[in-house]
Every structure is written in structure tokens, then in C-alpha cells.
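> Give the three-dimensional model of this entry:
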Amino acid sequence: MFGIPGKQAVSITPKAAAQIAKLMDKDGSKGLRIGVKKGGCAGMEYTMDYVHEIDPLDEIVEQDGGRVMIAPMAQMFLFGTEIDYEVSLLEAGFKFRNPNVVDACGCGESIKFDESLVPQNET
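Numbers count the residues shown, from 1 in each chain. The predicted structure follows:
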């Protein structure tokens, strides 16, 4: 696990926990796996996938019936993040309040982290 021993990598608001639990019931999954991948105009994007088999290397965060798994490579990027679920007139979806993000694109789908967190390819 990355981070502070005894402290979860992410926190989940009650609204997000309720939505995750609803999705788990609907899909029959064991939760949602959250990660990051290269892409988007700012360099990185969040990923969310249904999980039917829990990877023993994932960090598991459970609250109020909702369960998320943090992929091992994403733990350092997500440490301290609050996951919320917001509904507005135009959209509904999960929102990530991540203190590790240094920049985001205008659409809010793509993020940039401090270069010291991003693994560099060796040439």
C-alpha cells in the first residue's frame, strides 16, 4: 500500500457510496476499480471499471455498502482523493477531488499530475 499506514488512499462521500452500491447491485459486481491511464489533453485520465474478481494487490475502500478498489499503479496518484457523486441539470457523475492534480483540461475529463509522480520511460 502507498501512503500512510492505517489511512485509506481515498475517501468516499455518502452520495458516492450510495451510487457505487446501486451499481454493484445492478451489475452483480464486487465493486468499482479506480485507476489512471495516459490520455486526454492534459496527459492522464481516471478509469472506472466493474470488478468481478478482486486483485489481492488492490487497495480496498468500503463505505456504506459501496466498495472501490484502487489499482496498485494508481495508488500514489489517488492518495488523498475524495470521490463524490454529483447530479446537476445537465449531467450526473462521479467527481474526483484530488490534491495531487496540478492542472486539468476545460472538459474536466483529463488531468495532469506533478511530473515527480509520473514514471518516466527509460531510453
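> residue boundaries of the strands in the protein?
10-12, 31-38, 44-51, 59-63, 66-70, 81-87, 92-97, 101-104, 110-113 (DSSP state E).
> Which of those strands sits closest to Q19?
strand 81-87 (4.3 Å; Cβ to Cβ). All C-beta atoms are positioned from the backbone trio N, CA, C, and that covers glycine.
> List the pairing partners of that closest one within its sheet, with orientation.
Sheet pairing of strand 81-87 (DSSP bridges) gives strand 10-12 (parallel), strand 92-97 (antiparallel).
> Present the ones you listed as JSON lines; the columns should include mean pLDDT, mean neighbour count and distance to H52.
Shown next, in JSON lines, are the strands paired with strand 81-87 (pLDDT from 0 to 100; neighbours: other Cβ atoms under 10 Å; distance: least, Cβ to Cβ, whole Å):
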{"stretch": "strand 10-12", "mean pLDDT": "93", "mean neighbour count": "21", "distance to H52": "20"}
{"stretch": "strand 92-97", "mean pLDDT": "89", "mean neighbour count": "14", "distance to H52": "20"}
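> Could you dump the ones you listed into JSON lines and include distance to E59?
Putting the strands paired with strand 81-87 into JSON lines (distance: least, Cβ to Cβ, whole Å) gives the following:
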{"stretch": "strand 10-12", "distance to E59": "8"}
{"stretch": "strand 92-97", "distance to E59": "16"}
